[in-house]
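# can't give you the sequence, but here's the structure:
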């Protein structure tokens with residue numbers, strides 16, 4: 001398959017490329033503005049062929065073709081989509097805090113950028129369009145979250161992701177573009193060094209000897225999914241028949257409080273000879289929700305997918321990656 005991965009230099013993109021490159025018949029093109037990821041980061045998982053602005057994109061074997069550009073540029077995304085069979089749309093203004101700080105920018109990237117990607121996919125006859133969404137569109141709903149719930153976003157980020165989901169539905173029903181929406185839980189794992197999400201943040205702080213900040217009273221809950229399980233769901237959504245137009249919760253159906261996460265990470269750190277720092281409580285960020293975990297039975301039934309990596313194993317694997325990065329010479 002010929003894959004176009006928007007935002008492919010980021011955390012999820014690099015893990016996904018690591019999985020896809022195992023099949024030598026897959027060809028991979030990455031479209032990224034390098035606002036978060038980097039060429040060097042992408043090269044850690046696969047050789048990179050970087051195309052200049054005046055060069056026509058051409059899929060190649062044995063390397064990830066990289067085109068630098070922004071999804072808000074309709075002309076650029078149209079050009080880079082040519083020849084792709086599957087689009088995995090990961091590029092986004094990611095996270096509640098950034099959206100709260102600048103809702104207009106969040107809308108420009110997550111709504112108009114997604115619309116551009118859908119337009120380009122429709123124009124070039126893409127077979128499948130996989131959209132990376134989140135539990136945020138369901139925001140204020142009472143968990144366990146599931147696909148039949150009426151959305152109730154609690155933040156501009158949730159609203160912009162909901163708009164992206166709506167456009168995916170419209171393009172499926174109106175234009176026949178096979179869109180699949182995946183609502184990711186809280187993802188963690190290797191290559192997350194730049195992430196501000198809680199697992200990566202706590203590991204970085206521990207390795208630096210900084211005090212942990214647990215927002216609120218630490219009892220707020222999340223559903224933590226290891227990156228390998230998430231990438232498995234993406235590949236199934238990209239390839240399986242008869243899932244066009246569908247929405248799936250991609251999570252673990254396990255509710256873990258932030259305080260419990262810290263305790264389990266403290267044990268993982270101690271096993272590696274690192275003493276966890278003391279913890280302090282901080283203010284709850286705007287747009288945050290109290291509880292969040294998802295029912296995954298629809299994904300199990302239609303995608304044949306379930307997660308396999310438990311939280312303790314995933315934390316150990318993630319910590320190993322961070323420790324390896326710290327051990328490498330500058």
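Nice, I can see it. Predicted model, so just to flag it, every value in this text is computed and none were measured.

# Quick one: name whatever helix or strand follows the biggest helix by length in the chain.
As assigned by DSSP state H, the longest helix anywhere in the chain is helix 156-175. On the C-terminal side of helix 156-175, the nearest following helix or strand under DSSP states H and E is strand 179-184.

# related to what we said a few turns ago, can you name every helix or strand that the longest helix of the chain contacts?
Other helices and strands packing on helix 156-175, by 3 or more Cβ pairs under 8 Å, 6 or more residues apart in numbering; DSSP states H and E, are helix 96-101, helix 103-107, helix 113-123, strand 128-134, strand 179-184. (C-beta placed from N, C-alpha, C; glycine too.)

# Give me the angle between the third one and strand 179-184.
Angle, helix 113-123 to strand 179-184, by axes from the mean of the first three to the mean of the last three Cα atoms, to 10 degrees: 150 degrees.

# Who does the residue nearest to residue 246 when sequence neighbours are not counted form a beta bridge with?
Nearest non-adjacent residue to residue 246, counting by Cβ to Cβ, 6 or more residues apart in numbering: residue 180, 5.9 Å away. Residue 180 has these beta-bridge partners by DSSP bridges: residue 130, residue 246.

# Can you tell me the number of residues neighbouring residue 180?
Using other Cβ atoms under 10 Å, residue 180 is surrounded by 25 other residues.

# residues touching it, list them.
By Cβ atoms under 8 Å, 6 or more residues apart in numbering, the residues touching residue 180 are 128-131, 168, 237-238, 243-248.

# and the angle from the longest helix of the chain to strand 179-184?
Using the same axes, to 10 degrees: helix 156-175 against strand 179-184 is 160 degrees.

# what about the strands in this structure?
Using DSSP state E, the strands found in the chain span residues 2-6, 27-32, 48-51, 64-68, 86-89, 128-134, 179-184, 186-188, 212-215, 221-222, 224-226, 246-250, 256-257, 279-282.

# thinking again about what came up before, which among the contacts of residue 180 end up buried?
128-131, 168, 237-238, 243-248 (16 or more other Cβ atoms under 10 Å).

# what's the angle between the longest helix of the chain and strand 128-134?
Using the same axes, to 10 degrees: helix 156-175 against strand 128-134 is 160 degrees.

# With pLDDT added, can I get the buried ones among the contacts of residue 180 in JSON lines?
Below are the buried ones among the contacts of residue 180 laid out as JSON lines (pLDDT from 0 to 100):
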{"residue": "128", "pLDDT": "98"}
{"residue": "129", "pLDDT": "99"}
{"residue": "130", "pLDDT": "99"}
{"residue": "131", "pLDDT": "99"}
{"residue": "168", "pLDDT": "98"}
{"residue": "237", "pLDDT": "98"}
{"residue": "238", "pLDDT": "98"}
{"residue": "243", "pLDDT": "98"}
{"residue": "244", "pLDDT": "97"}
{"residue": "245", "pLDDT": "98"}
{"residue": "246", "pLDDT": "98"}
{"residue": "247", "pLDDT": "98"}
{"residue": "248", "pLDDT": "98"}
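
# export these to JSON lines and tack on distance to residue 257?
Below are these laid out as JSON lines (distance: Cβ to Cβ, whole Å):
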{"residue": "128", "distance to residue 257": "37"}
{"residue": "129", "distance to residue 257": "35"}
{"residue": "130", "distance to residue 257": "31"}
{"residue": "131", "distance to residue 257": "29"}
{"residue": "168", "distance to residue 257": "32"}
{"residue": "237", "distance to residue 257": "29"}
{"residue": "238", "distance to residue 257": "33"}
{"residue": "243", "distance to residue 257": "33"}
{"residue": "244", "distance to residue 257": "37"}
{"residue": "245", "distance to residue 257": "35"}
{"residue": "246", "distance to residue 257": "31"}
{"residue": "247", "distance to residue 257": "27"}
{"residue": "248", "distance to residue 257": "25"}
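
# Go through these and name the one nearest residue 139.
Nearest to residue 139, judged by Cβ to Cβ, of the buried ones among the contacts of residue 180 is residue 247 at 15.2 Å.
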